[in-house]
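Trainee: Pasting the sequence and the predicted coordinates here, then a few questions.
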Amino acid sequence: MPCPAGVNIPACFNIYNNAFIFEDTSEAKKNYNTFIKKEMMASKCIECGKCEEACPQFIPIIKKLKEVVSLFEEEK
Ligand code: SF4
């Protein structure tokens, strides 16, 4: 499902999950900032809720994206 704000939700979650699978937050942070374009980063989420409505697994996507931001995105 495309996000109207352009967030690459699957890529954000992939890298987020890898941080825990490989127990390596700094490598995941590097990958996040290298491979995800700025305009597709989790911080672009406008909390419209469309992805959560469409999610069959009822994943709290907005909350998880906020965790992605606090874990990976550089201080502005
Ligand atoms: S809640 Fe955020 S990530 Fe989900 S569709 Fe809306 S803008 Fe995109």
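Mentor: It's in.

Trainee: what sits against the residue nearest to the spatial centre of the chain?
Mentor: The structure's the chain has its C-alpha centroid closest to residue 12; by C-alpha atoms, centre = their mean the separation is 3.2 Å. For residue 12, the residues meeting the contact criterion (C-beta atoms under 8 Å, 6 or more residues apart in numbering) are 32, 36, 41-42, 65, 68. All C-beta atoms are positioned from the backbone trio N, CA, C, and that covers glycine.

Trainee: go with 6 Å
Mentor: Residues in contact with residue 12, defined by C-beta atoms under 6 Å, 6 or more residues apart in numbering, are 42, 68.

Trainee: In which helix or strand does it reside?
Mentor: helix 9-21 (DSSP states H and E).

Trainee: What residues of that helix count as buried?
Mentor: 9, 11-16, 18-19 (16 or more other C-beta atoms under 10 Å).

Trainee: Could you list which of these also contact the ligand?
Mentor: residue 9 (C-beta under 6 Å from any ligand atom).

Trainee: Which of the buried residues of helix 9-21 sits closest to residue 73?
Mentor: residue 12 (10.3 Å; C-beta to C-beta).

Trainee: Next to the ligand in this structure, residues from the chain, please.
Mentor: So the chain meets the ligand at 3-5, 7, 9, 45-51, 61-62, 65 (C-beta under 6 Å from any ligand atom).

Trainee: quick one: furthest residue from the center of this protein?
Mentor: Quick read of the chain (C-alpha atoms, centre = their mean): farthest out is residue 56, 17.9 Å.

Trainee: Got phi/psi on that residue?
Mentor: phi -70, psi -10 (degrees, to the nearest 10).

Trainee: And residue 7, by the same measure?
Mentor: The phi/psi pair for residue 7 (degrees, to the nearest 10) is phi -70, psi 130.

Trainee: wait, it sits on residue 46?
Mentor: No - checked against C-beta atoms under 6 Å, the pair residue 7 and residue 46 is beyond contact range at 8.8 Å.
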